[in-house]
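**Student:** attaching a predicted model along with its sequence, questions to come.
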Amino acid sequence: MTFDEATKFLYSFLDWEKKGGRPTNPGDLAGFKRFLGCLGNPQDSFRKILIVGTNGKGSVGAMLAGLLSACGESVGLYTSPHLISVRERIQVRGCPISENDFADGLSVLKNALPGSGLARGGYRTTFELLTALALLHFQKAAVDVAIVEAGLGGRLDSTSVLNPDLSIITPIHMDHTATLGRRLKEIASDKAGAIRGGRLLVSAPQMRVVGEVLANTVAEINPAEWIKVGRSLTYRSKSVLDGYRSAVFRKGGWVAGVERLPLRGKHQVVNAATAIAAALLLHPKLDQAIIERGFDATRWPGRLEVVDGAPTILLEGAHNPHAARALAGVDGRSNWHRWCKPQSARCFRILGEEPRNSRPGVDSVTIHMYTLPVKQKEKRKAPEGDRPRIFSKLGVLEFCHSVRIG
């Protein structure tokens, strides 16, 4: 197969990212396990780290990949969704899977499907094929460890078949409520399905109800060690140039300081602390020099990424209320106006929020535009009727109040 043929084949299967929703039959996971068995169980060839949560999974994965690479490990990274090319989802040593390896891997999967009894007439999805492709690629590349981001939830996601050596739970908030549940407790219970008995666990700071769910799950399952970021491992930070932050991390007598974290935003301090906690569990001799090397090599596009110009453009994928609040800087201490260029221009923030009555399975966002004059601290929200007129003055040729993805 060529790369184009492989891509077409991949998306001929059920794609929950576009269709919305997620199967809830545990038998589906058994089927995926059988499929991996037909491939020789490539996931058994390396150590595995599974990341679940609502926000920060990709950022934690990218920073952890940098840290483990700086420790001398060969690291595979599997994330979703992608920004430009589907190849971005599968990386080894920081490099996306090549078009040839992508096509060759999907050829292997295509040939394995009939023998597994799970061809297109049965149950297979685009995400499962991508997950299987990532595992095959990691095996072929002989990685030491694979960092795998869950697609949706934790209990029934296809990545949960991996039996991870280390599970990481990033902040859990309301998201995908049509699939995971309408209450935060339900969402937390689903994502807590990633916790494994006798294995390692790291969790980011959580809301009280989420913390209770995790504590109850830990008491029942009994992981080998649990680092709670904010308690077992603490941190403090301060703002530095252009939206970045410096930070100091502590765990018992262990201390490390970072002059500039690799990703912008106050919320990235928690993500960095979570990545460091995970790296410490795997490499107890982790020190400040290794952290600095790992963070210096971390690249994660589309997370408060700055495109220079007038006005300054920030690229950010905030897709739920918690992420939007972090982006907006609702705590009143936002420094955006200090690093928007030119200094005499206004800084525009475009936020998206999930409509309360959106159709289940359809990701849609409503556009809000905020202006923050450099010399004034008050924030003004542009009236909805004025937004197209304001955008036209900025040179935007087309404006829509909502964007539907997929």
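**Tutor:** Okay, I see it.

**Student:** got a list of what the residue nearest to Ser45 when sequence neighbours are not counted touches?
**Tutor:** Distances taken as CB to CB, 6 or more residues apart in numbering put Gln139 closest to Ser45, at 4.4 Å, once the chain neighbours are dropped. Where C-beta positions appear, they are placed from N, C-alpha and C, glycine not excepted. By CB atoms under 8 Å, 6 or more residues apart in numbering, the contact set of Gln139 is 42, 45-46.

**Student:** could you do Leu315 as well?
**Tutor:** Taking CB under 8 Å, 6+ apart as the contact definition, Leu315 lies against 301-307.

**Student:** kindly report the same for Val229.
**Tutor:** 202-205, 235, 270, 273-274, 277.

**Student:** take the residues you listed and keep only those in helices.
**Tutor:** Among these, the residues falling in helices (DSSP state H) are 270, 273-274, 277.

**Student:** just send the residues you listed back as TSV, with distance to Thr7, pLDDT and neighbour count too.
**Tutor:** Below are the ones in helices among the contacts of Val229 laid out as TSV (distance: CB to CB, whole Å; pLDDT from 0 to 100; neighbours: other CB atoms under 10 Å):
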residue	distance to Thr7	pLDDT	neighbour count
Val270	35	96	24
Ala273	37	98	27
Thr274	33	98	31
Ala277	37	98	27
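
**Student:** for the longest helix seen in the chain, buried residues please.
**Tutor:** Criterion DSSP H: the longest helix present in the chain is helix 99-116. By neighbour count on 16 or more other CB atoms under 10 Å, the buried set for helix 99-116 is 101-106, 109-110, 112-113, 116.

**Student:** now distance to Gly197 and pLDDT too, for the residues you listed, in TSV please.
**Tutor:** Formatted as TSV, those follow (distance: CB to CB, whole Å; pLDDT from 0 to 100):
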residue	distance to Gly197	pLDDT
Asp101	35	98
Phe102	36	98
Ala103	39	98
Asp104	37	98
Gly105	32	97
Leu106	35	97
Leu109	31	94
Lys110	36	92
Ala112	31	90
Leu113	33	86
Ser116	29	57
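
**Student:** can you redo those as TSV with distance to Ala219?
**Tutor:** Formatted as TSV, those follow (distance: CB to CB, whole Å):
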residue	distance to Ala219
Asp101	43
Phe102	43
Ala103	47
Asp104	46
Gly105	41
Leu106	42
Leu109	39
Lys110	44
Ala112	40
Leu113	41
Ser116	38
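
**Student:** and the residues you listed, which two are furthest apart?
**Tutor:** Asp101 and Ser116 (21.6 Å; CB to CB).

**Student:** could you look up the SS state of Glu186?
**Tutor:** Following DSSP: H, G, I helix; E, B strand; the rest coil, Glu186 is assigned to helix.

**Student:** contacting residues for the nearest residue to it once chain neighbours are set aside?
**Tutor:** With CB to CB, 6+ apart as the criterion, Glu186 has its nearest non-adjacent residue at 6.5 Å, and that residue is Leu180. By CB under 8 Å, 6+ apart, the contact set of Leu180 is 152-153, 186-187, 190-191.

**Student:** most neighbours among the residues you listed, which one?
**Tutor:** Neighbour count (other CB atoms under 10 Å) singles out Lys191 as the most crowded of the contacts of Leu180, with 27 neighbours.

**Student:** ok, now which ones touch it?
**Tutor:** Per CB under 8 Å, 6+ apart, neighbours of Lys191: 52-54, 150, 153-155, 169, 172, 180.

**Student:** take those and write them to TSV, including secondary structure.
**Tutor:** Converted to TSV, the contacts of Lys191 look like this (three-state DSSP):
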residue	secondary structure
Val52	strand
Gly53	coil
Thr54	coil
Ala150	coil
Gly153	coil
Gly154	coil
Arg155	coil
Ile169	strand
Ile172	coil
Leu180	helix
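
**Student:** any chance of the residues you listed in JSON lines, plus distance to Cys71?
**Tutor:** As requested, these are exported to JSON lines (distance: CB to CB, whole Å):
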{"residue": "Val52", "distance to Cys71": "23"}
{"residue": "Gly53", "distance to Cys71": "23"}
{"residue": "Thr54", "distance to Cys71": "28"}
{"residue": "Ala150", "distance to Cys71": "24"}
{"residue": "Gly153", "distance to Cys71": "30"}
{"residue": "Gly154", "distance to Cys71": "26"}
{"residue": "Arg155", "distance to Cys71": "31"}
{"residue": "Ile169", "distance to Cys71": "22"}
{"residue": "Ile172", "distance to Cys71": "28"}
{"residue": "Leu180", "distance to Cys71": "34"}
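
**Student:** just curious, which of those is nearest to Leu281?
**Tutor:** Ile169 (13.6 Å).

**Student:** how about the nearest residue to the closest one, chain neighbours excluded?
**Tutor:** Counting by CB to CB, 6+ apart, the residue nearest Ile169 is Ser203, at 4.3 Å.

**Student:** Provide the partner residues of the one you found in its beta bridges.
**Tutor:** Ile169, Lys228 (DSSP bridges).

**Student:** just checking, it touches Leu214?
**Tutor:** Yes. Judged on CB atoms under 8 Å, Ser203 makes contact with Leu214 at a distance of 5.9 Å.

**Student:** which one of these two has more residues nearby?
**Tutor:** It is Ser203, of Ser203 and Leu214, that has more neighbours when counted by other CB under 10 Å, with 28 against 22.
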